[in-house]
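Trainee: Quick one, structure for this:
(one chain, ligands or ions: 1)
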Amino acid sequence: MLLPAPIQDLIDAFSRLPGVGPKTASRLTFYLLRAPENLSSDLAEALQVLKSGTGNCQRCYNITESERVECEVCSNEERDQSVLCVVEEPLDVLALERTGGFRGRYHVLQGALSPIEGIAPEDLKIRELLGRVQSEEIREIILATNPSMEGDATAMYLRQQLLPLGVRITRLARGLPMGGDLEYADQNTLLRAQAGRQEMDN
Ligand SMILES: [Zn+2]
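Mentor: Okay, here's the model as predicted:
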């Protein structure tokens, strides 16, 4: 069936999103076609500023508003400057913040090591992390990468790199589902994993 180009274009665009197949893409497109005008314009507006309105925190590489140099956590004087929680993605920060159980600050690697996907140490914010440990007064690093093969490999690599710097290194406790994502863990599990974090330096 031949569809008008504006419709086919939107279907194609939706289809490029993760987890959206051709059927869902068509359904969303036709939903928007029938929905009140302001839904489309609100969506268009939000998409327009999504990239231009956001940027990386220059300290922890979490996502933040583009006009800010540092994110809200980094610029909060009341956060513990001596504990750094290392995560893979900004959504992990969000998940840990939701537990309300962590008062330190973060470092967002922007991914995990993966030989299969060709993600090497230099593709992540690892050099920046080591720099922070050397220039900021950090006593403890909590490695909170995902409980997956990639997350574990990343934690092991970071441990090797961090050991010579003489900082305490801990890893979130087990109890998080293996192969899972921090962002999907429930708050209690995350709180327990933080409380039960284990030394990684032996
Ligand atoms: Zn920050």
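
Trainee: For the closest residue to L143 other than its chain neighbours, list the residues it contacts.
Mentor: Of all residues not flanking L143 in the chain, A155 sits nearest, at 4.3 Å (C-beta to C-beta, 6 or more residues apart in numbering). C-beta: built from backbone N, CA, C; applies to glycine. For A155, the contact set (C-beta atoms under 8 Å, 6 or more residues apart in numbering) comprises 143, 145, 171, 200.

Trainee: what do you get if the cut-off is 7 Å, keeping everything else the same?
Mentor: A155 is in contact with 143, 145, 171, counting by C-beta atoms under 7 Å, 6 or more residues apart in numbering.

Trainee: One more: Q194?
Mentor: 101-102, 172.

Trainee: which of the contacts of A155 has the most neighbours?
Mentor: Neighbour tally across the contacts of A155 (other C-beta atoms under 10 Å): the maximum, 26 neighbours, falls on T145.

Trainee: I figured that one hits E88, correct?
Mentor: Yes - counting by C-beta atoms under 7 Å, E88 is a contact partner of T145 at 5.4 Å.

Trainee: So for those two, which residues contact both of them?
Mentor: Among the neighbours of T145, those also in contact with E88 (C-beta under 7 Å, 6+ apart) are 112, 151.

Trainee: where's the residue nearest to the spatial centre of the chain relative to P4, distance?
Mentor: In the chain, the centroid-proximal residue (C-alpha atoms, centre = their mean) is E89; its distance is 1.3 Å. E89 sits 38 Å away from P4, going by C-beta to C-beta, to the nearest Å.

Trainee: and what of R168?
Mentor: From R168 across to P4, the span is 61 Å (C-beta to C-beta).

Trainee: Pull up the residues of this structure that are close to the ion.
Mentor: Within reach of the ion by C-beta under 5 Å from the ion, the chain has these residues: 57, 59-60, 62, 71, 74.

Trainee: State the pair within these that is farthest apart.
Mentor: R59 and N62 (8.6 Å; C-beta to C-beta).

Trainee: Compare the two and say which one has the larger neighbour count.
Mentor: A side-by-side neighbour count of R59 and N62, using other C-beta under 10 Å, places N62 first with 23 against 19.

Trainee: need the strands for the protein, in chain order.
Mentor: Here the chain has its strands, by DSSP state E, at 54-56, 63-65, 83-87, 105-108, 140-143, 168-171, 198-199.

Trainee: do you know which of those lies nearest P18?
Mentor: Closest among the strands of the chain, using C-beta to C-beta: strand 63-65, at 17.5 Å.

Trainee: contacting residues around that closest one?
Mentor: Here strand 63-65 has contacts from 53-57, 71, 90, using C-beta under 7 Å, 6+ apart.

Trainee: redo that, cut-off 8 Å
Mentor: Under C-beta under 8 Å, 6+ apart, the answer for strand 63-65 is 53-57, 70-72, 90, 108.

Trainee: Alright, calling it a day.
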